[in-house]
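**Q** could you work out the structure for the sequence below:
(chains A and B)
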Amino acid sequence: QKEVEQNSGPLSVPEGAIASLNCTYSDRGSQSFFWYRQYSGKSPELIMSIYSNGDKEDGRFTAQLNKASQYVSLLIRDSQPSDSATYLCAGRGSGSARQLTFGSGTQLTVLP
Amino acid sequence: NAGVTQTPKFQVLKTGQSMTLQCAQDMNHNSMYWYRQDPGMGLRLIYYSASEGTTDKGEVPNGYNVSRLNKREFSLRLESAAPSQTSVYFCASSEAGEREYFGPGTRLTVT
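**A** As a prediction, this is how the structure comes out:
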């Protein structure tokens, strides 16, 4: 069973709308979480990192973490066609190596 | 400052052939990683190196070997390629549990 699960999508939203991407994790010891964006044929690039319960905002992006519910989300406000990509959620485990575990990704399409 | 570089960008192999994927980073990071990405599977960790001189298996290590040549370089070797190893391979590096920086990827096809 994968340790990080994402709503697999695909997800389509109209331009200007809010896109909501969700992720759950099973390792209660995970301390840090990351959202990466990946355009087709390209490598993942970091959008947001979050370490504490609550919200973290950066421009049009807001990451939310709820450790009690083991839930991480990413909100994209005023979605643009350029936001169309696959979004990967990742959690850093509590084991000795503390490597990242990635979800399968959610493909987002923003319709003009 | 190039970040993480990978060679080659593309490769076609026949079943049974061997090859080495090269990765280098110039950010002085201790940790380096090799992932593979298949459609619908996200990124799966093959091997990682938490520091120079150490390597450990990840989620899908079978059929691969790695070498952490020095702090900058981390190579991935396929001794006898199989069609199931057709994938996109990403190298990444990080420092002290922080974000991972990814290389541009190697697209490998095994026929």
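
**Q** near chain A, which residues of chain B are found?
**A** B:33, B:35, B:40-45, B:48, B:50, B:56, B:58, B:90, B:97-100, B:102-105 (C-beta under 8 Å from any C-beta of the partner chain). For the C-beta atoms, the positions are set from N, CA and C on the backbone; glycine is no exception.

**Q** next one: A:Thr106 from B:Met32, what distance?
**A** 27 Å (C-beta to C-beta, to the nearest Å).

**Q** more crowded one of the two?
**A** Using other C-beta atoms under 10 Å in any protein chain shown as the criterion, A:Thr106 and B:Met32 rank with B:Met32 on top: 28 against 22.

**Q** which element is the more buried one on?
**A** Assigned by DSSP states H and E, B:Met32 belongs to strand B:31-37.

**Q** that strand: how far from the chain's middle?
**A** With C-alpha atoms, centre = their mean, to the nearest Å as the basis, strand B:31-37 stands 5 Å off its chain's centre.

**Q** put the alpha carbons of that strand into PDB.
**A** The C-alpha coordinates for strand B:31-37 follow below in PDB (Å, rounded to 0.1, in the frame of the first residue of the first chain):
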ATOM      1  CA  SER B  31      22.100  13.100   0.000                       C
ATOM      2  CA  MET B  32      21.400  11.900  -3.600                       C
ATOM      3  CA  TYR B  33      18.700   9.800  -5.000                       C
ATOM      4  CA  TRP B  34      17.700   7.800  -8.100                       C
ATOM      5  CA  TYR B  35      14.000   7.600  -9.000                       C
ATOM      6  CA  ARG B  36      12.100   6.000 -11.800                       C
ATOM      7  CA  GLN B  37       8.800   7.400 -13.100                       C
END
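
**Q** what does it contact?
**A** The contact list for strand B:31-37 (C-beta atoms under 8 Å, 6 or more residues apart in numbering or on different chains) reads A:99-100, A:102, B:21, B:23, B:25, B:43-51, B:58, B:60, B:64, B:66, B:68, B:74, B:76, B:85, B:87-95, B:100, B:105.

**Q** what do you get for stretch A:78-90?
**A** A:4, A:6, A:13-19, A:21, A:23, A:33-40, A:44, A:47, A:60, A:72, A:74, A:76, A:100-103, A:105-112, B:42-43.

**Q** filter those residues to the buried ones?
**A** Those of the contacts of stretch A:78-90 that meet the buried threshold are A:4, A:6, A:13, A:19, A:21, A:23, A:33-38, A:44, A:47, A:72, A:74, A:76, A:100-103, A:105-108, A:110, B:42-43, by 16 or more other C-beta atoms under 10 Å in any protein chain shown.

**Q** which residues of chain A lie near chain B?
**A** Applying C-beta under 8 Å from any C-beta, we find that chain A lies next to chain B at A:8, A:31-32, A:34, A:42-46, A:49, A:88, A:90, A:92, A:97-105.

**Q** burial check on B:Arg72, number of neighbours?
**A** B:Arg72 - counted by other C-beta under 10 Å - has 17 other residues nearby.
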